[in-house]
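S.K.: build me a model from this:
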Amino acid sequence: MRLTRRSLLTATAATGAAALVTPSGLAHAATSAEAGAFADADVPALLERAEALLTGGDLDPADPGLAAAVAALDTAAKAQWDTLDRDPARTALWADLAPVADPGNFGQSYTRLRTVALAWATPGTSLTADPAVADALVAALRFAHDAAYHPARSETGNWWFWEIGAPRALMDTAVLLRDRLPAADLADYLAVVDRFCPDADRRTNAPSLAETGANRVDKAVIVALRGLLGQDAAKIASARDALSDVRDTGRNSLFRYVASGDGFYEDGSFVQHGTVAYTGTYGVVLLGGIAHLLSLLAGSPWEVADPDVSVLYEAVERSFTPVVFEGLMMDAVRGRAVSRERAGDHRDGAAAVAAILLLATGAPAAYAGRWRALAKGWLTRNRTTPFAALAGLPQLVLAKDVMDDPDVVARQRTGGTHVFADMDRVVHHRPRWAYALSLSSQRIAAYEAGNGENVHGWYTGDGMAYLYDTGDLAQFNDAFWPTVDPYRLPGTTVDTRRRTDLGTGGGTSTFLPANTVAGGSVLHDRYGAVAMQLTGAPGSTLRAKKSWFLIDDAVISLGADITATDGRTVETVVENRNLGRDGRPRLLIDGARQPDEQGWSGRFGRTGWAHVEGVGGYVFPGTAALHALREERTGAWRDLNTGADTAGSPTPVTRRYLTLWIDHGLSPTGGRYAHVLLPGASATATAVWAHSRPVQVVANDATVQAVEARRLGLTAATFWTAGTAAGISSSGPASVLVLRRGDRISVAVSDPGRTLTTLDVELPFRVRAVAEADDTVGVTPGRRTRLTVAVGGSRGHTHRAELVP
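M.R.: The predicted model follows:
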């Protein structure tokens, strides 16, 4: 079965048996409707489709577009096959996964067995259709069951291995080997799944805990495969219904927007684990899992027919597309996965592209056409980490289908500014670059760590800034995380105290800071005003007010009221750029070239501007005392991650860095900074910008931070309390954007602290009429026009008005 968008939509034939009998011979008490479902279903065809979703179907291994992926699978599987202990007296399947009874070890053992089974079931590998391989796999599954993973055991350690990791790999392997497995063996494997993953909706080791998001989808796929293998219609139906949760009247439906907790939000946010921005990992798993089930069950009696599936379709462009840059998934939404050596932004990005392409196979044409064009653009432009080197065969087959289709025109990069108020993330896209901010508050965690992962994630949610450039797609996936100075992440203001490692025990944990303000406003999907009130972690008195203003060619960063009383140095990191193994780009400070030797450092008392070759320019309004450092940094992925199945390599890696920062001194009081990032600008353009000052800083203090871009007609402000700047007044804390251009005045307002009910904003000009306005915005004309905005309950989202002067 060739895996294409057409084959996945092929309806199954109407065959099957009404008697629902498991391989153990125990009859399932089927309802007449369930019996009728099996009478109308071709279960073998659905299992064949399940296999095709794993292998890519009936592909040609000699196809030039697929040959490398076939070879990669062969290499990976052969390595596992060659080291598999096939001695009948064995005590483990692999020497490095002993004792096999440990949940991490048997979980990984099932994953390796699936890899070998994939190679056995895929044309063109050295293991393809080898009877000895099949026999060894059957025996290995039997051993793993008897020695480690069987219904008589109780869960220990990480629940995920018991309820998701092991049963998913086991069911996938059973699908691939279904014609070779003895009935008694299959019955045992279905029984162990029934023991540890009987219901997609509930945590087996804590039945009162409802599964949400990606975990529920993972379990739904497991239950669906168990239902098909065991010919249990009720199981298949329960897997389908877990997506909509019709048994719970839709309360926890994955196809409904949420206003708190886990799931998709209307503003495009995606949250998992209650408080973590997780679009890039758990969100992708959810998207891929639902796409898998939609494809698996299409045309069958259990087809997903929930009309609210449109929420998932909308999420592709509302939630996922904004956080993908040229096929890379932004690290700001990958949580603790940034510490995983084998899961960089390029790999999670490839997983997102694959999920979108799979979802497109069954989506309405209007959605599918846009997504395929979007994916083709990403696949075409990313030459640094090509999809073909990252994807499995099923995903590569779908990508090849798009790339070979002349009717699919690659979508070009477009601009767009997104404030994801419900997950404290901001993304600003321009034609050749993008800028992302990772914020935190009482609502969204500054970091997640645990199970030995992300042990240096202390400052990743303290306003860390990510600059993505089309000419440097390896910036954050070229050993960035094990080598960057974790105390000098770009964009952060930090107390320089030494920290202890996070999350070295079992389970995961998060840190919610005390601040309320994190978020901002967006105008015309093009301009942004963003704010974060920084409060230090326990053990630090650091406080700061930070704002970012996002315009066409620049990001203006302001900091004020930077205060601490701990007797330690406080720094604001302007840039910390990964230069790769041997990079030595030219650094100019006010036009003077600086040394490029490693270990060089300098302090420049009144810096007006700086320029880093291949990155862009940095302008310091009013000048700044700038520090600069070139250094080689060495670390290992194991330093960040010692997780049971995600532990990094202990092998040291070295990368070069160029760091720029501002030193606020010991225990600063009322410290401040102002700098402008000009991505991609030449040195000449940076010097001109610094001289002409097209953007003016009009306020930067504890009351208000504001800038004016007069050529654009734009004023942007963060009001920390009631105040006035550039003629604009606010009655309380607010994020405000005002654009005056031609015969229109555009206004955007939000309450990123979510502390107000109403907010009055006064503009320094008269208006004649209201062209349009949100129903939350009232306009009172006068010498100074007043907008009364009902911000209460809006969760920090933007309120807009278009006025006629």
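
S.K.: from here on, just use CA atoms for contacts and neighbour counts.
M.R.: Will do.

S.K.: sort out which residues of the lengthiest strand in the chain are buried, please.
M.R.: Across the chain, the longest stretch assigned as strand under DSSP state E is strand 616-635. In terms of neighbour count (16 or more other Cα atoms under 10 Å), strand 616-635 has its buried residues at 616-621, 623-633, 635.

S.K.: ok, that strand: who's next to it in the sheet?
M.R.: strand 601-612 (antiparallel), strand 653-666 (antiparallel), strand 671-679 (antiparallel) (DSSP bridges).

S.K.: ok, what's across the strand from the nearest residue to G602 once chain neighbours are set aside?
M.R.: Leaving out its chain neighbours, the residue that sits closest to G602 by Cα to Cα, 6 or more residues apart in numbering is A628, at 5.3 Å. Following DSSP bridges, A628 is listed with bridge partners G602, L660.

S.K.: quick check: A628 touching Q598?
M.R.: No - using Cα atoms under 8 Å as the test, A628 is too far from Q598 to be in contact (11.7 Å).

S.K.: list the contacts for L756?
M.R.: L756 makes contacts with G732, V791, G792, as judged by Cα atoms under 8 Å, 6 or more residues apart in numbering.

S.K.: show me just the buried residues among those.
M.R.: G732, V791.

S.K.: so which of the contacts of L756 comes closest to V323?
M.R.: Distance to V323 across those (Cα to Cα) is lowest for V791, with 26.6 Å.

S.K.: which residues touch the closest one?
M.R.: So V791 contacts S750, D751, R754, L756, T757, T758, L759, T776, H799 (Cα under 8 Å, 6+ apart).

S.K.: and it, how far is that from E762?
M.R.: 15 Å (Cα to Cα, to the nearest Å).

S.K.: repeat for A350
M.R.: Counting by Cα to Cα, the gap from A350 to E762 is 47 Å.

S.K.: over to M330?
M.R.: 37 Å.

S.K.: so between these two, which is more surrounded?
M.R.: M330 (27 against 21; other Cα atoms under 10 Å).

S.K.: my guess is the more buried one contacts F320. True?
M.R.: No - when contacts are counted by Cα under 8 Å, M330 is not listed as touching F320 (10.0 Å).

S.K.: list residues touching both of these two?
M.R.: G280.

S.K.: spatially central residue in the protein, please.
M.R.: G280 (1.4 Å; Cα atoms, centre = their mean).

S.K.: what kind of secondary structure is W160 in?
M.R.: Classification of W160 by DSSP: H, G, I helix; E, B strand; the rest coil places it in helix.

S.K.: what is the burial count for it?
M.R.: For W160, using other Cα under 10 Å, the count is 16.

S.K.: what's the answer for the one 3 residues further on, then?
M.R.: When counting by other Cα under 10 Å, one arrives at 27 neighbours for E163.

S.K.: swap in the one 10 residues further on?
M.R.: Residue neighbour count, defined by other Cα under 10 Å, stands at 26 for T173.

S.K.: look up which helix or strand the nearest residue to it once chain neighbours are set aside falls in, please.
M.R.: In this structure, T173 finds its nearest non-sequential neighbour in R114, 5.1 Å apart by Cα to Cα, 6+ apart. In the assignment (DSSP states H and E), R114 maps to helix 103-121.

S.K.: dump that helix to PDB, restricted to CA.
M.R.: Provided in PDB are the C-alpha atoms of helix 103-121 (Å, rounded to 0.1, in the frame of the first residue of the first chain):
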ATOM      1  CA  PRO A 103      10.700   0.700  33.100                       C
ATOM      2  CA  GLY A 104      13.200   2.900  31.200                       C
ATOM      3  CA  ASN A 105      15.000  -0.200  29.900                       C
ATOM      4  CA  PHE A 106      12.000  -2.200  28.800                       C
ATOM      5  CA  GLY A 107      10.500   0.900  27.300                       C
ATOM      6  CA  GLN A 108      13.600   1.500  25.200                       C
ATOM      7  CA  SER A 109      13.800  -2.200  24.400                       C
ATOM      8  CA  TYR A 110      10.300  -2.100  22.800                       C
ATOM      9  CA  THR A 111      11.400   1.000  20.800                       C
ATOM     10  CA  ARG A 112      14.400  -0.800  19.500                       C
ATOM     11  CA  LEU A 113      12.400  -3.900  18.600                       C
ATOM     12  CA  ARG A 114      10.000  -1.700  16.600                       C
ATOM     13  CA  THR A 115      13.000  -0.300  14.700                       C
ATOM     14  CA  VAL A 116      14.100  -3.800  13.700                       C
ATOM     15  CA  ALA A 117      10.500  -4.700  12.800                       C
ATOM     16  CA  LEU A 118      10.200  -1.700  10.600                       C
ATOM     17  CA  ALA A 119      13.300  -2.700   8.700                       C
ATOM     18  CA  TRP A 120      11.900  -6.200   8.400                       C
ATOM     19  CA  ALA A 121       8.600  -4.900   7.000                       C
END
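
S.K.: give me the contact list for the next helix or strand after it.
M.R.: Heading C-terminal from helix 103-121, the first helix or strand you meet, by DSSP H and E, is helix 131-147. The contact list for helix 131-147 (Cα under 8 Å, 6+ apart) reads 86, 93, 100-101, 106, 110, 113, 117, 120, 127, 177, 180-181, 185, 189.

S.K.: next, the angle from helix 131-147 to helix 103-121.
M.R.: Helix 131-147 and helix 103-121 are oriented at 160 degrees to each other (axes from the mean of the first three to the mean of the last three Cα atoms, to 10 degrees).

S.K.: which strands and helices lie in contact with the helix or strand hosting A350?
M.R.: Using DSSP H and E, A350 falls within helix 345-360. For helix 345-360, the packing partners by 3 or more Cα pairs under 8 Å, 6 or more residues apart in numbering; DSSP states H and E come out as helix 284-297, strand 328-329, helix 365-381, helix 393-403.
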